[in-house]
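Chemist: Any chance you can model this:
(2 chains)
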2 protein chains.
Amino acid sequence: MENRIHNSYLASKVMSADQAAAQILPGMTVGMSGFTGSGYPKAVPLALAAQIESAHARGESFALKLLTGASTAPELDGALAKVGGIDFRLPYQSDPDLRTRINRGEIEYMDIHLGQVAQYTWFGFLGKLDMAVVEVSAILPDGRLVPSTSVGNNKTWLDLADKVIIEVNSAQPAGLDGMHDIYYGTALPPERKPIPLTGPDDRIGEPYLRVDPAKVVAVVETHGPDRLGRFSPPDESSIQIANHLVEFFRHEIAMGRLGEQLLPLQSGVGNIANAVLSGLRDGGFEGLTAFTEVIQDGMLDLIRTDTIRRASATALSLSPEGVEEFGRNIEHYRSRIVLRPQEISNHAELVRRLGCIAINGMVEADIYGNVNSTHVAGSSIINGIGGSGDFARNGFLSCFVTPSTAKNGAISCIVPMVSHVDHTEHDVAVVVTEQGLADLRGLSPKQRARAVINNCAHPDYRPLLQDYFERALRASPGKHTPHLLGEALSWHERFVASGHMKP
Amino acid sequence: MENRIHNSYLASKVMSADQAAAQILPGMTVGMSGFTGSGYPKAVPLALAAQIESAHARGESFALKLLTGASTAPELDGALAKVGGIDFRLPYQSDPDLRTRINRGEIEYMDIHLGQVAQYTWFGFLGKLDMAVVEVSAILPDGRLVPSTSVGNNKTWLDLADKVIIEVNSAQPAGLDGMHDIYYGTALPPERKPIPLTGPDDRIGEPYLRVDPAKVVAVVETHGPDRLGRFSPPDESSIQIANHLVEFFRHEIAMGRLGEQLLPLQSGVGNIANAVLSGLRDGGFEGLTAFTEVIQDGMLDLIRTDTIRRASATALSLSPEGVEEFGRNIEHYRSRIVLRPQEISNHAELVRRLGCIAINGMVEADIYGNVNSTHVAGSSIINGIGGSGDFARNGFLSCFVTPSTAKNGAISCIVPMVSHVDHTEHDVAVVVTEQGLADLRGLSPKQRARAVINNCAHPDYRPLLQDYFERALRASPGKHTPHLLGEALSWHERFVASGHMKP
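Modeler: Next comes the predicted model:
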């Protein structure tokens, strides 16, 4: 295992994951690294899970309040959830075991804008941070840390935690050194100053994380890859959604509302996002930029071909093939990618200034343009709002995308009223399904309803939505946002009762 | 009537309101001045309403798309709505005639964050602006305009409209000259730069509005007051809400999360807002600042006593008594008040940087902390979201206040599920009623529900809410945000059917 620990004091803190994990005590609030399966600590959480399991076997209670950047991996969220080691979790999650326990009511989960986690911690709104557990890719002779594949909230965890455990993962590419930009200019109000970033690729900080060595209670050496799935080619529905969006961007350019290089793209994770990126390249776009949270294989591929010439993110979340490609052409990518803390990648001030084009997936939209990004039938959480609100509220354009149906047509993703609201009618500009695109800018609720029903609903559900809307136009007590309250959530009720939204 | 028109070219454009109004043609998109009943044009809209009425009498169709800063007055919204002269309206309204027609479905209304109207217009998302009708308090020899009691979107209207009608209102205090700060540094992305404001009272622009004289088709002289109601003393419920908030601020100071001078206050309009301001003074606070939308009598009084030492807003909305007091101590107020365009007063970048404490009224909150600021029973709009979202999302603290019941107890303002969402669970930190305060920071949905039910609900409704929550905990398919979908909106249904939320 290559030695990545070049500071002698911190080298003296090297110990096993078991010894390190033993420093984490019941009831602690712990900030861990990790953002969409990249850059999470690989060894300490597993060792901690084993210790928690033993404690429970001895009849002792042992659970943590766990904060991260975003979702992590089975070795972190999954392992700790399985042994009942988490009693409170924020700000995002996607692990099946963790999700199951949250929706059983066994774990309290707070769903929070990813761009606000750091400041909330600094404000003292989330309590005292007892411990940080942060993966880095190396320690410099002067004790500064070369970040790993994700930056997330690591700067904040290292700054604010009473104690720090560092995992040094020698399997992370050495070429990451120099790709990060850690901004140390944040402050608490009233001392805040403008953040001096005016382009997605501006460097406003330094490449390394700082840590007070006196707080470091353990350094653990690891050598393991991030756990990220294979990159699957886009399906037909995603390609159709992408085509609608690309056509829309072409139209906006023709109308003079966008330039040929668009504006910095923010794109959520997953299949549709990747299809949109491919669609942009196939549509002849070039010289684009991205100011986003995550660089996945799809975006890496666009950076490879210079369709995207500069990309800013907080995490590099690549499949094994992506990691290989990244290593092969490391010099190409190093000059084109900047990785930042998520408080900067998702900062309201910067998203607004840069005028990002936000493209995010959703669970469902209603006919009036309210969007549910998080809940099934109003009560079970899937993952979380993530950064979609940071970008949708403050960006130039907020686009939400979904196939028009789910579960083989049992669910319509366009409904009379969403069962949970994450993005209000005030924050949704464009809704896209494989059926088409509804441009909601400058429209009243009733005008929006007609656009969403006609352009986005699946033909199997369109007549039902039309019927609802027309009856609401007649019978609703108020006709600004016509609704039949007794029926507004009935599609979800039916789905819960019968497994199908249709009567 | 004092001559306030000191530019000879623009003086040559003086004409009657009737002549000016005749330049406004059917189907035009018109941007008018006006923000909460202050600074709206006094004469042209009335003349226009008469012309529209005549046109309709002749069987001609005549209606406009009308944009303003926020709400206006009966002489504008009321007069035009009554004659059917508006077919589309944004971004805010409070006139009874206009509201009635919107909720009858006769006028399309778009409810939009006040801080985003200007940029949406610049982006081209709201269509071409044909005409601006803007009240000012004087015209300088060089043709620049001394703004009136509100700035609102006037800079944008003057910059973007094809044609301009200026009303010069000599009844507006001459002392307004020099109080405004019009920032001309905004741009379209990707050309945007940081806005160089770091304190609520920073001056970053110039005191006057610019207009291309070639676009000015009419100048109309008026001499009339803004139309604002009397300032009523706070009622018992408002005082209790204020006391809860003041106690909370004291607690936050004690915990080290706020300084003695708090952070810049944003306070919505109305009785509760005024009570909170009085409560702060009575609670011994001093040297405070405000970065808000509107300065009403309540805030003026605090500026008089230097409880608030500096205040930034986009409108000075004073009662006749307030106007008198303002005139009496004009030099005191001039050095303490800055009036800005609403794109600056409500700017995401600045609200975030300054760390505003946002205090806004609401219609209802649900047990999970979602807030409805706009709709009755999900379908009829009251006024609009206004700037509450600009401040709630980006500020340091987002507080929402309401009496726990309305209509003599027929309505509970704490409900199982709000009938319309303007502020999501992610954006609501503190809920306050006369019953108490629920601090939702760092809590999961179920923890929030217990706090809201126990601290904020009226005792008449608390057992019903507890019962709903406990049954939902048992029967909800998902237990992250437990809901009984068939019942979640039943309180609103009952209210629509029987006039009372209780069974």
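
Chemist: How is chain A divided into domains?
Modeler: Following automatic domain parsing, one finds the domains of chain A at A:8-222, A:236-498.

Chemist: for the residue nearest to residue A:491 when sequence neighbours are not counted, phi and psi?
Modeler: Once flanking residues are discounted, residue A:491 sits nearest to residue A:501: 4.4 Å by CB to CB, 6 or more residues apart in numbering or on different chains. Just so you know, the C-beta spots here come from the backbone N, C-alpha and C atoms, and that holds for glycine as well. For residue A:501, the backbone dihedrals (degrees, to the nearest 10) come out as phi -80, psi -20.

Chemist: I'd guessed residue A:501 sits against residue A:410; true?
Modeler: Yes - using CB atoms under 8 Å, residue A:501 makes contact with residue A:410 at a distance of 6.5 Å.

Chemist: Show me the common contact partners of the two, please.
Modeler: residue A:495 (CB atoms under 8 Å, 6 or more residues apart in numbering or on different chains).

Chemist: where in the stretch 351-500 of chain A is pLDDT low?
Modeler: Within the stretch 351-500 of chain A, no stretch has pLDDT under 70.

Chemist: for the residue nearest to residue A:491, what are its contacts?
Modeler: A:410-412, A:415, A:461, A:491-492, A:494-495.

Chemist: Would you check how far apart residue A:393 and chain B are?
Modeler: 6 Å (CB to the nearest CB, to the nearest Å).

Chemist: excluding its backbone neighbours, what's nearest that residue?
Modeler: That would be residue A:427: by CB to CB, 6+ apart, it lies 5.1 Å from residue A:393.

Chemist: list the contacts for residue A:434?
Modeler: A:236-238, A:240-241, A:244, A:403-404.

Chemist: Okay, it and chain B: tell me how far apart.
Modeler: Taken as CB to the nearest CB, the span from residue A:434 to chain B is 25 Å.

Chemist: which one's the longest strand in chain A?
Modeler: Longest among the strand segments of chain A by residue count, using DSSP state E, is strand A:131-139.

Chemist: So which other helices or strands are in contact with it?
Modeler: Helices and strands touching strand A:131-139, by 3 or more CB pairs under 8 Å, 6 or more residues apart in numbering or on different chains; DSSP states H and E, are strand A:29-32, strand A:145-147, helix A:154-160, strand A:163-169.

Chemist: Surely residue A:400 and residue A:431 touch.
Modeler: Yes - assessed by CB under 8 Å, residue A:400 is found in contact with residue A:431 at 5.5 Å.

Chemist: which neighbours do these two share?
Modeler: A:365, A:371.

Chemist: Give me the more crowded residue out of the two.
Modeler: Counted by other CB atoms under 10 Å in any protein chain shown, residue A:400 and residue A:431 do not tie: residue A:400 has more neighbours, with 31 against 28.

Chemist: Which residue is the nearest non-sequential neighbour of the more buried one?
Modeler: Using CB to CB, 6+ apart, the closest residue to residue A:400 is residue A:362 (4.6 Å).

Chemist: Look at the one you found and say how many residues are nearby.
Modeler: 22.

Chemist: Check residue A:156 too.
Modeler: For residue A:156, using other CB under 10 Å, the count is 24.

Chemist: hang on, the earlier thing: tell me which of the domains of chain A lies nearest to residue B:109.
Modeler: Minimum separation from residue B:109 across the domains of chain A (CB to CB) falls at domain A:236-498, 5.6 Å.

Chemist: what's the span of that closest one, first residue to last?
Modeler: End-to-end distance for domain A:236-498: 28 Å, by CA to CA, to the nearest Å.

Chemist: Return the distance of it from the chain's centre.
Modeler: 13 Å (CA atoms, centre = their mean, to the nearest Å).
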